[in-house]
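Student: coords please:
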Amino acid sequence: MTSPDRYAAERWFLVRGLPAVVRRGALLRRIWGRSAPALAGVAVFAANSILVVTLSGKHTIDIDGRPTVAEGFLLALIVLVLPVAALVGWLVSRIERPLWRVVAANVSVAVAIIGCVFGGPSPRIMVNLLLVGISIAVIVVATASGVGSIAGWAARDTMSNLALASGMFVRALPVVLLTFLVFFNTYVWLMAAIVTRERLWLAIGFLFAIAAAFLVSSTLERVRPILGETAAAPEDVDRLAGTPFEGIADEPGVDPLSRAERANVVFVVAASQVGQVLTVALATGAIFFVLGLIVLSPPLLASWTRDSGRNDGHILGMTLPVPDPLIQTTMMLTAITFMYLAAKAVTDKEYRAQFLDPLLAELRLTLVARDRYRSSRPGR
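Tutor: This is a model prediction of the structure:
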């Protein structure tokens, strides 16, 4: 395998979230260009902060009561910044030429620095520069360690399976309807009004850990046969056509999967399922949040929370014209929905046939490509 082919092969594995498969030095090559999508996301947040400071004249968002027209624009910026950052990062990730990726990374850093001067979370420029510097350092380290490869793959996989997520949401309607009873429960709102945000995050983390452990344990059972043997099938020749591994013979006796590679494979499958379930849970939480905005009024909030709830909400250091109990109730219902869907994903045969089985088949093909990649390396 020539050097250009080796680069294409390594990029093929990185795109599929398997950095443990490539050579140790491959992760250290072209780090800056490979970090461009995440850096572009940082640039979007920096540009958004400039707009926020320009409209509000402040470096923090503090909106209580009925928002004005300008504050309405601020709320729109808050809602749109994450989807826009994801879209820009996705567009940058589609750049093939390494040189243009480096240019995109440099432009992103320049925009982030400008954002430190004219925007940012703090009125102190040095504080903003320090935060941006830390963000860039984290991105570069994640890229060099392979974490960025896995995160990028998980994001693309989640977006590509949105149609399946909608089907999963339809099958989860029974629990959604049951959760309506929880949503209109006075004691739930009273607890949401009294419990602190720190305790709520601990409770949500506890529920998430239980559900994730359940998914991982079931994933091990499904993945173990693939980890034990990845013999090539006749149809793999056609499926690998057009890839860097086309025309490479399948040789027996290739190095077995290392512990790092096994952990990478299990993590990829588990992360794919967690991302799928989390997407549906977040969509469910968004429905309840919008429902709360429609039906909730100050007298109803006072009745449900016994005058313990605040009419303004606090999240990520921002004060928003949304009742804090509504935010906390939505968070709890999202966590409960995630736990239910995690259990259903393991036991639902239709879900396994539509999502998990194709994922495992694609993973087995990737491991066949891994064997070809290893057999083509001189001295292996």
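
Student: for the stretch 1-150 of the chain, what spans make up the helices?
Tutor: 3-15, 31-34, 36-56, 69-93, 98-118, 125-145, 147-160 (DSSP state H, counting those that start in this stretch).

Student: Please identify which of those is closest to A249.
Tutor: helix 3-15 (14.8 Å; CB to CB). C-beta coordinates here come from the backbone N, C-alpha and C atoms, glycine included.

Student: as a whole number, average confidence for the closest one?
Tutor: Throughout helix 3-15, pLDDT has a mean value of 72.

Student: same thing with stretch 124-131?
Tutor: Throughout stretch 124-131, pLDDT has a mean value of 91.

Student: could I get that stretch in CSV with only the CA atoms?
Tutor: Output of stretch 124-131 as CSV, limited to C-alpha atoms (Å, rounded to 0.1, in the frame of the first residue of the first chain):
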residue,chain,number,x,y,z
ARG,A,124,-12.5,41.1,30.0
ILE,A,125,-10.7,40.3,26.8
MET,A,126,-8.0,38.2,28.5
VAL,A,127,-10.5,36.0,30.1
ASN,A,128,-12.2,35.4,26.8
LEU,A,129,-8.9,34.6,25.2
LEU,A,130,-8.1,32.2,27.9
LEU,A,131,-11.4,30.4,27.5
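
Student: List of residues touching that stretch?
Tutor: I113, G115, C116, V117, G119, G120, P121, S122 (CB atoms under 8 Å, 6 or more residues apart in numbering).

Student: Can you identify the element that follows the longest helix anywhere in the chain toward the C-terminus?
Tutor: Using DSSP state H to define each element, the chain has its longest helix at helix 259-295. Per DSSP states H and E, the first helix or strand lying C-terminal to helix 259-295 is helix 298-305.

Student: how far out from the middle of the chain is that next one?
Tutor: The chain centroid and the centroid of helix 298-305 are separated by 35 Å under CA atoms, centre = their mean, to the nearest Å.

Student: quick one: buried residues of it?
Tutor: Buried positions in helix 298-305, judged by neighbour count with 16 or more other CB atoms under 10 Å: L301, W304, T305.

Student: would you list these in a markdown table and tack on pLDDT and distance to T60?
Tutor: Below are the buried residues of helix 298-305 laid out as a markdown table (pLDDT from 0 to 100; distance: CB to CB, whole Å):
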| residue | pLDDT | distance to T60 |
| --- | --- | --- |
| L301 | 84 | 25 |
| W304 | 82 | 29 |
| T305 | 84 | 26 |
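
Student: which one of these is nearest R352?
Tutor: Distances from R352 to those, taken by CB to CB, are shortest for W304, at 40.0 Å.

Student: Correct me if wrong: that closest one contacts P325.
Tutor: Yes: contact criterion CB atoms under 8 Å: W304 and P325 qualify, at 7.5 Å.

Student: Quick check: neighbours shared by those two?
Tutor: By CB under 8 Å, 6+ apart, W304 and P325 have these common neighbours: W189.

Student: low-scoring stretches of the stretch 1-150 of the chain, by residue?
Tutor: Scanning the stretch 1-150 of the chain with the threshold set as pLDDT under 70 gives 1-5, 59, 62-65, 67.

Student: picking up where we left off before, deepest-packed of the helices of the stretch 1-150 of the chain, please.
Tutor: Mean neighbour count (mean count of other CB atoms under 10 Å) peaks for helix 36-56 among the helices of the stretch 1-150 of the chain, with a mean of 21.

Student: tilt between that one and helix 98-118?
Tutor: Per axes from the mean of the first three to the mean of the last three CA atoms, to 10 degrees, the angle that helix 36-56 makes with helix 98-118 is 30 degrees.

Student: So for this structure, the centremost residue is which one?
Tutor: Centroid check for the chain by CA atoms, centre = their mean gives A155 as the closest residue, at 5.1 Å.

Student: Name the nearest residue to it, ignoring sequence neighbours.
Tutor: Closest residue in space to A155, ignoring its immediate chain neighbours: A86 at 7.2 Å, by CB to CB, 6 or more residues apart in numbering.

Student: Where does pLDDT dip in the stretch 201-350 of the chain?
Tutor: 229-236, 250-254.

Student: still on that earlier bit, the residue nearest to the centre of the chain touches L87, doesn't it?
Tutor: No: checked against CB under 8 Å, the pair A155 and L87 is beyond contact range at 11.3 Å.

Student: what about E221, helix or strand, and which?
Tutor: Under the assignment here (DSSP H and E), E221 is part of helix 197-228.

Student: helices or strands up against the very next helix or strand once past that helix?
Tutor: Per DSSP H and E, the first helix or strand lying C-terminal to helix 197-228 is helix 236-239. Applying 3 or more CB pairs under 8 Å, 6 or more residues apart in numbering; DSSP states H and E, one finds that helix 236-239 contacts helix 357-376.
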